[in-house]
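> After the sequence you'll find the predicted model.
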Number of protein chains: 2
Amino acid sequence: AMFARLALCSRLPSRIRQSNGCPASIRAYSQVKFPRPHGKSFAHRSELKQAKRIVVKLGSAVVTRDECGLALGRLASIVEQVAVLQNQGREMMIVTSGAVAFGKQRLRHEILLSQSVRQALHSGQNQLKDMFQSWRQEHAQLLDRAYMFDCSRQIKHCHTLHELLRMNIVPIINTNDAVVPPPVPNSDLQGVNVISIKDNDSLAARLAVEMKADLLIALSDVEGLYDSPPGTDDAKLIDIFYPGDQQSITYGTKSRVGLGGMEAKVKAALWALQGGTSVVIANGTHPKVTGHVITDIVEGKKVGTFFSEVKPAGPTVEQQTEMARHAGRTLASLLPEQRGEIICCLAELLTEKKEEILSANKRDMELAIASGRFSQPMINRLSLSTAKLNSLAIGLRQLAVSSRDSVGRVLRRTRVANNLELEQITVPIGVLLVIFESRPDCLPQVSALAIASGNALLLKGGKEAANTNKILHQLTQEALSIHGVADAIQLVSTREEVEDLCRLDKLIDLIIPRGSSKLVRDIQRAAKGIPVLGHSEGVCHVYVDSEASIDKAIDVVRDSKCDYPAACNAMETLLIHRDLLRTPIFDQIIDMLRTEHVKIHAGPRFASYLTFSPSEVKSLRTEYGDLECCIEVVDSMQDAVDHIHKYGSSHTDVIVTENEETAEQFLQQVDSACVFWNSSSRFADGYRFGLGAEVGISTARIHARGPVGLEGLLTTKWVLRGEGHTVSDFSEQGSMKYLHENIPVPQGSFS
Amino acid sequence: AMFARLALCSRLPSRIRQSNGCPASIRAYSQVKFPRPHGKSFAHRSELKQAKRIVVKLGSAVVTRDECGLALGRLASIVEQVAVLQNQGREMMIVTSGAVAFGKQRLRHEILLSQSVRQALHSGQNQLKDMFQSWRQEHAQLLDRAYMFDCSRQIKHCHTLHELLRMNIVPIINTNDAVVPPPVPNSDLQGVNVISIKDNDSLAARLAVEMKADLLIALSDVEGLYDSPPGTDDAKLIDIFYPGDQQSITYGTKSRVGLGGMEAKVKAALWALQGGTSVVIANGTHPKVTGHVITDIVEGKKVGTFFSEVKPAGPTVEQQTEMARHAGRTLASLLPEQRGEIICCLAELLTEKKEEILSANKRDMELAIASGRFSQPMINRLSLSTAKLNSLAIGLRQLAVSSRDSVGRVLRRTRVANNLELEQITVPIGVLLVIFESRPDCLPQVSALAIASGNALLLKGGKEAANTNKILHQLTQEALSIHGVADAIQLVSTREEVEDLCRLDKLIDLIIPRGSSKLVRDIQRAAKGIPVLGHSEGVCHVYVDSEASIDKAIDVVRDSKCDYPAACNAMETLLIHRDLLRTPIFDQIIDMLRTEHVKIHAGPRFASYLTFSPSEVKSLRTEYGDLECCIEVVDSMQDAVDHIHKYGSSHTDVIVTENEETAEQFLQQVDSACVFWNSSSRFADGYRFGLGAEVGISTARIHARGPVGLEGLLTTKWVLRGEGHTVSDFSEQGSMKYLHENIPVPQGSFS
């Protein structure tokens, strides 16, 4: 027999109050509607957000700890997640199999455990009760009774469960294997094997299908399905399992679930899938993820194995990465002229196929405008034109010429010993992931950089430019195919979550975000195992020294702030030497800023010098990104340097002075990627630096720093050619001596 | 009145069984004894491990969620942590103030909440009960009753609490502010202000002191104390608070705790401290850390603010980093000759002060041997000798000469426009953290590298070499002081946890682990925000081609495997062309390996070719690090390349062949840091490459790859010198044109 031991209950308040203590996901989803009528299973993880009715099945390994009794913390966090999803307006059900793990122990233990489960969940109930009472009393309606439900007999007549769901109650069905339920004679689902209800997995599957649930989340101590036995060299977790694929199904070695158990799980999942319920099998026992495993799955994140009836036409992102790396190796082995040909071919296609590109872009623009979600500047960035395409093509042709010397360049050559020669040569980094927003012109630019540097590339563009990106990517592959490397550049589906991509640390070597500083910051946070080339902030300073030329100061400050205030290399803080206060140069700078409509914020020292001060800054580290700046007073060049070190972001800092010694001191001391004398901070840019092509600007101190050209996409490798040399030849008793003679290499610029 | 509503109870089993399901910390500490008698408070966080009696105070913000009722998940994880600590043999007490948050609400709510707390903890009790029953029945003894305790009146006579602790029970005192306890007339502690028991913080402090607890952990929703108002530019969390310091005390802006509340917390903490109980104030509401905040604190990790009466003589590690960065900037601005002088001075001191060094080393050796915790190879690594010191000194003098050209070298010079010149120059990275095990000779070597490259350095050595490291560091500072930069190299206290150091991502620019591959892996895992220069594995291949010379094959394979099998550049897998099977070359290789006592493991294909095969490998990715290797058969050079890409670690891979074309194909295609032709894999080494000094070997693809010399400690900066140039001068309407002419730079090697 099977007992629904109790029911967590609450009506959803008509308006959920936002509060700091509630998980962010409540806020994020409180507006979501779930209009999807029950029908077919979902084809993609990204659609799981739409699941209205969800069954969460907790295996015994989730409910209990090995020999340590009930996993109280885990259960509590699961109850919390279920509450969050219920409060989004979904209908949640929990199936537990708490007694299974103790099945072979004494009955006394089972009773203890059942009590514990009941008590733990009872507390959860009180929590919900209390929560709802705190919200809107008039909408809270509570049930508090043990509810018996003989599921094995009445599974096709689950009126009571439906009734509970209708009342916005979370039913918890606590199964007990100790008493084996009677077998069900026949299923009424066509073409599906009859399954017996001997195990909790098929029981949960059966319940989910009978209840027309959209999603069944089965948590146990296995990660999901593997394509080879886990622990072997090739084993990979299967992200999406299609019933049609004849993949071999194995299981986690650490699992208490035997092969039979795993087969039962898969069988049950396939059965549910055919009944129209999507299934995710995942591990619910990892301490670090248990607190959000259920909500992550519903949000579409790649957790465990997702069962889908629909096999998508394209490859998975992992397969795309493999294809890209493979073709990328061929790309890297081409002659530089061949890579140049590909880039020139792409340039030609951009003008040749301009009608197709512009018409795809028009579709994106119309959709974007219709959606009402985009501001005019965003729409402008999305838009392409004949002029834009032409200038893109010109840029690509220049790159094709200037990048001839990038891959395979010899940086160093050493005669280690007689007939033992060492070379250090430039090679591509491997597989790049470029994430870009809005601007579709990014795609051919970035692709050309990858081609020139022999790197494989994954492109992840914004949904709003999907049509434009698609045609531009097709043209890129067309160009690549002239040398048989079409696969080297892959466009990642817009369905893929950026966060999931940032976790592919075995597959991707470098991430380059192109977009807002928020995008960069988010990616830096998410991509913990993969280096990120980019800068998240630019708090640039211009220091006007006591010996500054009045004209240069005006010109440099104006250009640094006003030329393009939103740029990361625009001035945010103007440091003025104390001696200049109440001199013509100071007045002229202030007048100029007023004329240019720059809003001035006063640093604390500057404010103290003024009778009527503008608003004082909240932080000296602010990046305004607009026609605004902070002005602060410093006592000396040294004081300016200290201020920059304390509050700056090590991006670009400028001194304006006629004193060469002061200038050189400043240039030497300031520890930023770019340090300028009597020049606008706006010169901090790959094109202006003459790097040929700009990959980005980096404020990291490792690998690439400041404006980054193609060399930021290269690494090196060491090639040693000998004649059977061994290191023991060089030991004290050995016959050889190290020479370590530098062999001159052809002079080339460091780009 | 105050009530101990119930008591979690259990006798500690005499032997705790290890099981997979139990948190690792149980295993780690199950052997720990707590012999420390109650007396003075602890001076350092690292001593908190010794705390026997611990009071955990849970503020209302921890127990409840904002308007969402009881924080069930949090409470459960706290109960679990307390159980872990109790099971380590500590005496735990919990003070909750669950009703506080609801004090202003209706009494009905309070009752609900109290019930919830009781039920949540009751489940916890059952869990413990069950856990102990699963362990050793005869030692489990259970109490299950509500226990009333009027603490406000009988605080000096806590017989009952003592009795509970003696019985190995966790008392839980649930306070209720709604009923204000009568004030206590006087404290019997000398020199301490009388505090009233109006707030739970002082109540907990009072209880902790009266109960002679070693540690009071006060969890609320504030991070701890700040040195400036949080949210302002300078605000930093205070790690250790000394009552003597007249630091301004502020509080977390997000907190519900007002300034008064924070003052009360601090007052209570200081009061407890003076009574001999150490205190940590920390945030117990962060979702990501709540699950281990209490155990982290007891393990000595830097969480919240630790109150200590003892102000340590030295600076904190954060202060050390600041001092190092500051002095490092001066070091970087010295002339190359001056840096060379410092290194030579250090070399001299190593021989001059050799007696002192060796006597300190002798003390370390004796302690290490006496501890019995070290194997003979480890003892050997720890030991210094006159010979070792002499060769160290020779190495340093060579470095002083060879590194002259490292900092400030011009890599690129561009005439951007008339009178606008751009230079890219080498600069130090900033602050390095080098973590090394055992070998104290690492200290002067690494210090010399840092000095030569103008970097500031934090050194973290092993406890076992503490005395040797101390004297070596003193000598290093003595050498640095000849140019006034003694602070540029800092020795971090052995008390600092590596994991805490790896989290200082705003302060440290690069971490270099020198030690076992386990150390490197651990640090790569811990240092998520800071780049790590190192390699965690070396699965190196030698491929013997069908056209290999028999002598070269024998020599290269022998040297690659046998010269030093534990090295990361030793061969792990021998790939043999199929055509060589059952030829003399194959037999001779096998004979040689047998003669050298190399244990052979067969790859699956190799095994299939043999009638009697050696044991088949479990994984083709194994790093044996010993006189063992895997042999696998491949069909072709291309097949070998594919095998290496699939199973290798991109460290060093070798081809042995007489066919130059095949060799060049291999060298071009294999995507590893080092690719060799007819040479031993053991050449992959900074000294053998002639890099002058070896910083390490990197298998990363970013920044530095393969053996890394001094250039791995350098980055670049861009210096632009103009005459008031602005980018608007270069616009279409502007007067200037970009020239981007390369200006030749003096040829220098890329090191």
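Cool, got the structure.

> quick one, domains of chain A?
A:3-11+A:52-307, A:317-526, A:540-694 (automatic domain parsing).

> and of those, who's closest to B:E80?
domain A:3-11+A:52-307 (5.2 Å; Cβ to Cβ). Quick note: C-beta positions are derived from backbone N, CA and C, even for glycine.

> what's the strand or helix carrying A:L203 packed up against?
A:L203 belongs to helix A:200-210 when assigned by DSSP states H and E. On a contact count with 3 or more Cβ pairs under 8 Å, 6 or more residues apart in numbering or on different chains; DSSP states H and E, helix A:200-210 meets strand A:53-58, strand A:91-96, strand A:215-220, helix A:259-274.

> Pick the most buried one from these.
Comparing the helices and strands packed on helix A:200-210 by mean neighbour count (mean count of other Cβ atoms under 10 Å in any protein chain shown), strand A:215-220 ranks first with a mean of 28.

> Name all residues that make contact with the residue nearest to A:I294 when sequence neighbours are not counted.
Excluding its sequence neighbours, the residue lying closest to A:I294 (Cβ to Cβ, 6 or more residues apart in numbering or on different chains) is A:Q81, at 4.2 Å. Counting by Cβ atoms under 8 Å, 6 or more residues apart in numbering or on different chains, A:Q81 makes contact with A:G291, A:H292, A:V293, A:I294, A:T295.

> residues near the nearest residue to A:T699 once chain neighbours are set aside, how many?
Spatial nearest neighbour of A:T699, excluding adjacent residues (Cβ to Cβ, 6+ apart): A:H535 at 4.1 Å. When counting by other Cβ atoms under 10 Å in any protein chain shown, one arrives at 25 neighbours for A:H535.

> How is A:H535 assigned, secondary-structure-wise?
coil (DSSP: H, G, I helix; E, B strand; the rest coil).

> before we move on, the earlier item: and the residue nearest to A:I294, how far is that from A:R74?
11 Å (Cβ to Cβ, to the nearest Å).

> now do A:K599
Going from A:K599 to A:R74 by Cβ to Cβ gives 53 Å.

> Among these two, which residue is more densely surrounded?
Counting neighbours by other Cβ under 10 Å for A:K599 and for A:R74 shows that A:R74 has the greater number, 27 against 13.

> which SSE is that one in?
Assigned by DSSP H and E, A:R74 falls in helix A:72-87.

> got a pLDDT number for the spatially closest residue to A:V670 that is not a sequence neighbour?
Nearest residue to A:V670 in three dimensions, chain neighbours excluded: A:D653, at 5.2 Å (Cβ to Cβ, 6+ apart). A:D653 is assigned a predicted lDDT (pLDDT) of 97.

> For chain B, see how far away A:D653 is.
To chain B, A:D653 is 11 Å away according to Cβ to the nearest Cβ, to the nearest Å.

> Okay, now the sheet partners of the strand or helix carrying that residue, with direction.
Using DSSP H and E, A:D653 sits in strand A:652-656. Strand A:652-656 has its sheet partners listed here by DSSP bridges as strand A:540-544 (parallel), strand A:674-679 (parallel).

> hang on, A:K354 packs against A:L389?
Yes: at 5.4 Å, A:K354 counts as touching A:L389 under the criterion of Cβ atoms under 8 Å.

> Show me which of these two is the more surrounded one.
Counted by other Cβ under 10 Å, A:K354 and A:L389 do not tie: A:L389 has more neighbours, with 21 against 16.

> wait, what's in contact with the more buried one?
A:L350, A:T351, A:K354, A:I357, A:L358.

> and if we set it to 10 Å?
Residues near A:L389 by Cβ atoms under 10 Å, 6 or more residues apart in numbering or on different chains: A:A347, A:L350, A:T351, A:K353, A:K354, A:I357, A:L358, A:N361, A:D441, A:P444, A:L472.

> Those in helices, which ones?
When DSSP state H defines the helices, the subset of these inside them is A:A347, A:L350, A:T351, A:K354, A:I357, A:L358, A:N361, A:P444, A:L472.

> What count of nearby residues applies to the second one?
Looking back up the chat, that one is A:L350. For A:L350, the number of neighbouring residues by other Cβ under 10 Å comes to 24.

> hang on, the earlier thing: on the strand side of things, show who the residue nearest to A:V670 bridges to.
A:D653 forms beta bridges with A:H541, A:V675, as assigned by DSSP bridges.

> That one against A:M637, yeah?
No: assessed by Cβ atoms under 10 Å, A:D653 is found out of contact with A:M637, at 11.8 Å.

> quick one, which of those two is more surrounded?
Neighbours per residue (other Cβ under 10 Å) separate A:D653 from A:M637, with A:D653 holding more: 31 against 24.

> returning to what we had before: now do the contacts for the residue nearest to A:T699.
A:513, A:517, A:520-521, A:524, A:568-569, A:649-651, A:673, A:696-700, A:705-706, A:708.
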